[in-house]
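What would the 3D arrangement of this be:
(one chain, ligands or ions: 1)
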Amino acid sequence: MDFKRTLLAAALPFVFTLSSTAHALEIKFADIHPAGYPTVVAEEQLGKTLVADSNGKLTFKMFAGGVLGSEKEVVEQAQVGAIQMARVSLGIVGPVVPDVNVFNMPFVFRDQAHMRKVIDGEVGDEILAKITDSEFGLVALAWMDGGTRNIYTKKPVRSLADLKGMKIRVQGNPMFIETINAMGGNGIAMDTGEIFSALQTGVIDGAENNPPTLLEHNHYQNAKFYSLTGHLILPEPIVMSKITWDKLTPEQQVLVKKTAKAAQAQERTLWDAKSTSSEEKLKAAGVEFITVDKKPFYEATASVREKYGAPYADLIKRIEAVQ
Ligand code: BDP
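Presented below is the predicted three-dimensional model:
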């Protein structure tokens, strides 16, 4: 009797642990951007909806500010199921799922409005499916807006010639290195978190990004010239670990997908407001916005589009046809 009771007492905590974990699945969500950034605000809302609409069967924890590592590291952790969800730039997905590189090509979109129409349509869904159907171990659910990327430097770039020999940081994607090189610069890949000190110490002469990132990651403190090259307009997928996805019930999968799409819509509105306010703040902080003639930059990068675009000739035609 006593023996049985002891056994039961010993087993109880296990029974309890097992049943409680069987009921709640924690979603850890990683983003490199800080709290208050449009993507992070929309992700926090996504979390609230997931918890509420799953009746607590899903729990949510936001890890903003890159605390779980660089985007490359976050993707690796998501692939093994250590992180359940993340928003990453398409730039770092390209080296692993080459098919997405069609969106990573310089000047493939006419402008931000064009990019939005494309990701909202069939082609956008197809590229998400390419990620999901790859061996990448991720399910791609929706897109967030990452604005238009322009080059920022310590010394002004008013024309293509000014860029000559400048060391410009890009994301870890060979296509981006080649893009900067084709413009006459010297493309250098490094993680987002390393840019600030690389600018400060002069390891690089500049980088390229949208106004909210230039502001919120404080790069403007050491790079006061912002040349509106508009060479990349990169959408950013919201992804879930395939391992996590497979643990969800079909109803939960529908919920996750729907909630991610809602986050896409919310972030877009937040993005537009943040872009405007970032531009104002950057200008007030002494950043000079330089209007450049984009044509020479476009022409200089033709070789990159030729090299990488060949397998996607049809897709590129469909992207161009989107009005
Ligand atoms: C920002 C993207 C972020 C990238 C970053 C970068 O939102 O996902 O990590 O650029 O260039 O615009 O590293």
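
Okay, now the unreliable bits of this protein?
Low-confidence regions of the chain, defined here as pLDDT under 70, cover residues 1-23.

Tell me where it has strands.
Taking DSSP state E, the strands of the chain run over residues 25-30, 58-63, 85-87, 138-144, 149-153, 167-170, 186-189, 206-209, 225-232, 236-241, 288-290.

Reformat those strands as TSV; add mean neighbour count and distance to T49.
All C-beta atoms are positioned from the backbone trio N, CA, C, and that covers glycine. Shown next, in TSV, are the strands of the chain (neighbours: other CB atoms under 10 Å; distance: least, CB to CB, whole Å):
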stretch	mean neighbour count	distance to T49
strand 25-30	20	11
strand 58-63	18	9
strand 85-87	27	13
strand 138-144	26	13
strand 149-153	26	30
strand 167-170	23	35
strand 186-189	17	36
strand 206-209	26	29
strand 225-232	23	31
strand 236-241	26	13
strand 288-290	15	37
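
Tell me who's in contact with the residue nearest to V97 when sequence neighbours are not counted.
On the basis of CB to CB, 6 or more residues apart in numbering, the spatially nearest residue to V97 that is not a chain neighbour turns out to be S134, at 4.6 Å. Contacts here follow CB atoms under 8 Å, 6 or more residues apart in numbering; on that basis S134 touches 96-97, 99.

N173: which of these is nearest?
Comparing these against N173 with CB to CB places V96 closest, at 9.9 Å.

hang on, that closest one packs against L138?
No: under the criterion of CB atoms under 8 Å, V96 lies out of contact with L138, with a separation of 9.3 Å.

Now for those two: what residues contact both?
With CB under 8 Å, 6+ apart applied, the overlap between the contact sets of V96 and L138 consists of V75.

beta partners of V139?
The residues paired with V139 through beta bridges, assigned by DSSP bridges, are M240.

now it: how far from N210?
Using CB to CB, to the nearest Å, one obtains 26 Å as the distance from V139 to N210.

Which elements pack onto the lengthiest helix in the chain?
Counting by DSSP state H, the longest helix found in the chain is helix 250-284. The contact analysis (3 or more CB pairs under 8 Å, 6 or more residues apart in numbering; DSSP states H and E) places helix 250-284 against helix 38-53, strand 138-144, helix 211-216, strand 236-241, strand 288-290.

among those, which is nearest the ligand?
Evaluated with CB to the nearest ligand atom, the helices and strands packed on helix 250-284 place helix 211-216 nearest to the ligand, the distance being 4.2 Å.

Alpha carbons only: can I get the closest one in CSV?
Below are the C-alpha coordinates for helix 211-216, written out as CSV (Å, rounded to 0.1, in the frame of the first residue of the first chain):
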residue,chain,number,x,y,z
PRO,A,211,14.9,54.1,-43.8
PRO,A,212,13.4,52.4,-40.7
THR,A,213,16.5,50.0,-40.4
LEU,A,214,18.9,52.9,-41.0
LEU,A,215,17.3,54.7,-38.2
GLU,A,216,16.4,52.0,-35.7
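
do it and the ligand meet?
Yes: if you take CB under 6 Å from any ligand atom as the test, helix 211-216 does meet the ligand, through T213.
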